[in-house]
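# Compute the structure for the input listed below.
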Amino acid sequence: YQRRVRDRSAVSAFQKESMKPTTLFCCFFLLFILSDASRLPISPYPASSLAVQQLYVIDSDSLPPNLILTIETLQGILARATQSSNIYVVSSSSFEVAQRSEKSTGFLAYTRTKDYAKHRKDAYQLWLADLQQSFNIKINTSFQTNALGLISFFKPFIQGYTLCDENSLDSINAAISLSAVTESNLAVTVDNEKYVQKLNIPLTADVRHLTSQDIFNKYAGKFNNKIVNYQSPTSARCMADYAVFCRALRFFAPSDSDFTKQVLASLVPGKSAILGWGPDEFNTVSALSNYAVPLVANDWASNMAVFTNVNGPSQFHQKTSSHSAYKRTINSKRRKRNTKQHTVCFLMTDGDNVQWILNTFATDPKWFASPSRGMVNLGWTISPSLSELAPSVLQWLYNHAAFNSSSNTADNFVSAVSGYGYLYPDLIANDDELKASANTSAQFMKKADLKVVNVLANNYNPQHMDAYLEQDQIKGVFYYLYSDYSGLNGKLDWSANSKPIIGGRFNLWSPQFENVTSLVEKLKEQKKDITSPDGYSLIPVHVWSHTVDDVVQVVKLLQQDDADGFNFVTPDQFVDLITTNIPH
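Residues are numbered from 1 along each chain as shown. Here you go, the predicted structure:
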């Protein structure tokens with residue numbers, strides 16, 4: 001089953017006067033003493049020399065058709081420059097985004113539902129407010145509805161522009177790739193050329209009849225060999241900022257094409273990432289897994305060149321790790337344990353989907369904005385890569401996670417599939433590459449304070465999990481099969497170093513699997529014995545068909561019939577209880 005529903009201050013000095021030699025020297029001096037955005041040594045994600053300190057807001061609804069492409073490439077250029085200002089794109093409209101298709105043409109047009117548009121708008125306003133309040137980033141709205149004024153303001157950082165055809169995805173990707181691999185060149189569509197000409201920005205290249213493969217071949221060896229932007233036609237208007245900032249190739253081709261294989265072979269196995277999305281989920285992830293390169297799903301994300309350069313913490317802390325009350329609760333339960341219980345852990349799916357986390361996850365009441373959140377113990381999957389791709393967002397989620405010491409309920413995060421990015425470990429044939437991928441995942445998990453990893457695979461192969469579980473950071477694996485997240489029927493195995501590998505038992509996933517009513521009936525039939533593997537149920541909750549409210553309803557229905565017969569716990573508790581109570 002297809003599991004996703006694709007949603008989906010330094011500048012002012014340039015403006016006042018040309019830079020003097022002393023100023024230039026100071027800037028280069030700062031370059032060496034300031035590198036604020038925290039990065040792991042093994043990280044594939046680059047950082048600006050200066051963390052972002054000021055943002056100029058632009059309303060995307062005010063832009064001329066297709067000019068979003070030019071604004072995004074400018075964001076990437078600014079993130080590479082030795083200065084700390086950038087652009088932040090917001091949307092003032094909460095109405096149906098389909099209205100934009102009347103203005104934009106070709107691959108840069110898009111449609112979304114009214115609810116999606118509202119929640120996405122609210123999310124990017126939320127992240128902007130948090131950047132101002134929590135990270136002391138200055139917000140400037142002088143150019144919020146003046147795109148040409150904004151481009152003119154940042155003109156000192158622009159050398160020229162590359163002309164592309166808005167009706168050709170190949171041309172758009174070629175322009176973005178050329179902007180990435182060359183210096184300070186905007187991508188401009190034909191219909192917007194008049195604006196940059198008015199600003200006397202010179203034409204440096206015309207790629208209306210070129211492809212990203214042409215650019216890749218011409219500039220072989222000059223692209224980032226750890227990051228690629230794999231961007232589908234439906235989301236062509238997004239992620240240009242990040243590709244340009246990273247000097248990453250931007251392309252789209254069938255996952256089994258010779259060009260895709262050529263690109264994948266150019267990357268470092270186990271230490272790279274593909275950002276975006278492919279033609280389809282299963283075949284794309286399978287193709288990437290053969291090269292030990294994971295997919296980070298963020299094709300509909302905006303402002304990535306900003307988020308990744310926020311000066312976030314070098315170490316994150318979940319409330320469930322740092323609160324002594326939570327630890328006392330666990331120890332108390334161990335001392336006063338009821339052995340005749342069935343232990344249940346609910347785990348929300350799709351946290352590897354970074355664009356969802358940024359766009360609607362935190363503002364839609366179906367998920368993290370649910371008023372019911374905190375009423376029960378609940379597990380959330382989250383990408384460890386968020387610790388560097390969007391540290392302010394991850395910090396906000398941890399700060400706002402539910403933690404109720406009186407009811408002993410909490411939100412608890414685990415690593416989403418299958419570590420720092422989405423791949424199928426069983427398809428990695430080279431043991432060294434599998435170990436490299438697991439090691440990279442463990443380091444990102446440590447930084448993000450995640451102790452359990454959710455793995456998605458085609459076939460069950462517990463031996464592949466030794467590469468993960470030999471990592472000190474990882475205390476357990478939740479193992480799903482792609483065809484059926486609970487296809488292992490709650491199976492429990494142990495790694496060579498006695499850490500648990502736990503299969504899902506039932507899916508809360510409609511209509512293919514269980515709904516609230518049928519799940520309740522099946523859980524009632526389960527064994528109540530904390531010393532038996534059959535006494536534990538890991539429940540994957542499919543976020544596109546079920547909500548936090550549904551999980552709360554399941555818990556209420558079970559408790560009203562048998563208040564003491566069920567123990568609903570967080571993922572970390574679940575793994576600890578299994579490790580403690582089941583002989584192995």
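# For the rest of this, base every contact and every neighbour count on C-alpha atoms.
Will do.
# just for the chain, where's the confidence low?
Residues of the chain meeting the criterion pLDDT under 70: 1-36, 92-113, 322-337.
# can you give me the helices in the stretch 401-550 of the chain?
Here the stretch 401-550 of the chain has its helices, by DSSP state H, counting those that start in this stretch, at 431-447, 466-469, 516-524, 548-561.
# Now do the first one: everything it contacts.
What that stands for is helix 431-447. 40, 42-43, 269-271, 292, 314-316, 384-385, 387, 415, 419-421, 425, 428, 451, 467-468, 471, 473-474 (C-alpha atoms under 8 Å, 6 or more residues apart in numbering).
# Buried subset of those residues, written for ChimeraX?
Remark: buried members of these, expressed as a ChimeraX selection using 16 or more other C-alpha atoms under 10 Å:
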select :43,269,270,271,292,316,384,385,387,415,419,420,421,425,428,451,467,468,473,474
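# could you dump the helices of the stretch 401-550 of the chain to a markdown table with distance to residue 167?
A markdown table is the format used below for the helices of the stretch 401-550 of the chain (distance: least, C-alpha to C-alpha, whole Å):
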| stretch | distance to residue 167 |
| --- | --- |
| helix 431-447 | 38 |
| helix 466-469 | 45 |
| helix 516-524 | 46 |
| helix 548-561 | 41 |
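# Could I get the phi/psi values of the residue nearest the centre of the chain?
The C-alpha lying nearest the average C-alpha coordinate of the chain belongs to residue 354 (C-alpha atoms, centre = their mean; 2.1 Å). Residue 354 adopts backbone torsions of phi -60, psi -40, taken as degrees, to the nearest 10.
# distance of it from residue 307?
12 Å (C-alpha to C-alpha, to the nearest Å).
# likewise residue 184?
Residue 184 sits 20 Å away from residue 307, going by C-alpha to C-alpha.
# Compute the number of surrounding residues for residue 133.
Counted with other C-alpha atoms under 10 Å, residues neighbouring residue 133 total 11.
# With residue 356 instead?
21.
# secondary structure element for it?
Per DSSP states H and E: residue 356 is located in helix 354-356.
# Could you do residue 321 as well?
helix 319-322.
# what's that helix packed up against?
helix 324-335, strand 409-415 (3 or more C-alpha pairs under 8 Å, 6 or more residues apart in numbering; DSSP states H and E).
# quick one: contacts of it?
Contact partners of helix 319-322, identified using C-alpha under 8 Å, 6+ apart, comprise 326-327, 398-399, 401, 403, 410-412, 449.
# Could you pull out the strands in the stretch 451-584 of the chain for me?
Using DSSP state E, counting those that start in this stretch, the strands of the stretch 451-584 of the chain run over 452-457, 476-481, 492-494, 500-503, 536-541, 566-568.
# Let's have those in CSV, adding distance to residue 233 and mean neighbour count.
Formatted as CSV, the strands of the stretch 451-584 of the chain follow (distance: least, C-alpha to C-alpha, whole Å; neighbours: other C-alpha atoms under 10 Å):
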stretch, distance to residue 233, mean neighbour count
strand 452-457, 26, 25
strand 476-481, 29, 25
strand 492-494, 42, 18
strand 500-503, 36, 25
strand 536-541, 29, 26
strand 566-568, 43, 20
